[in-house]
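>>> need a structure here:
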Amino acid sequence: MPHKSWDERTQHAIDEVQEVIKTAFPEAAFQVPRGDDPAGMYLDASTKAENGFDVFDVIGDRLVDLGVEAGLGIHMVPLLKAEP
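Numbers count the residues shown, from 1 in each chain. All right, here's what the predicted structure looks like:
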């Protein structure tokens, strides 16, 4: 298992967000790099959604809750998978 540079609470939140996205977009693939502008974790979510707003519709409110109520800086970046 690769070493994560964030705590267990943050990992739990990232897992939760990924699960919600995968429920709506089962093909979703993720990467989670750290970012500095603003500081936090950047959840890169690649899906076959029509557009990035479709992904935000699924998870946007929860990301706000995690930021405001839990103080976690998790930012989602919707990426569209290219059709083969």
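
>>> tell me what the strand ranked longest in the chain is packed against?
Longest strand in the chain by number of residues (criterion: DSSP state E): strand 39-47. The elements that strand 39-47 packs onto, with contact taken as 3 or more CB pairs under 8 Å, 6 or more residues apart in numbering; DSSP states H and E, are helix 8-24, strand 29-31, strand 34-36, helix 52-68, strand 74-80. Yep, even glycine has a C-beta here, placed from its N, CA and C like the rest.

>>> can you say which of those is nearest to residue 42?
For residue 42, the closest of the helices and strands packed on strand 39-47 is strand 34-36, at 4.3 Å, according to CB to CB.

>>> now do the closest one, average pLDDT.
Across strand 34-36, pLDDT averages out at 84.

>>> what pairs with that strand, parallel or antiparallel?
Using DSSP bridges, strand 34-36 pairs in its sheet with strand 39-47 (antiparallel).

>>> let's have the helices and strands packed on strand 39-47 in CSV, adding distance to residue 46 and mean neighbour count.
Output for the helices and strands packed on strand 39-47, formatted as CSV (distance: least, CB to CB, whole Å; neighbours: other CB atoms under 10 Å):
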stretch, distance to residue 46, mean neighbour count
helix 8-24, 10, 15
strand 29-31, 5, 13
strand 34-36, 17, 10
helix 52-68, 10, 15
strand 74-80, 4, 18
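
>>> that concludes my questions; thank you for your assistance.
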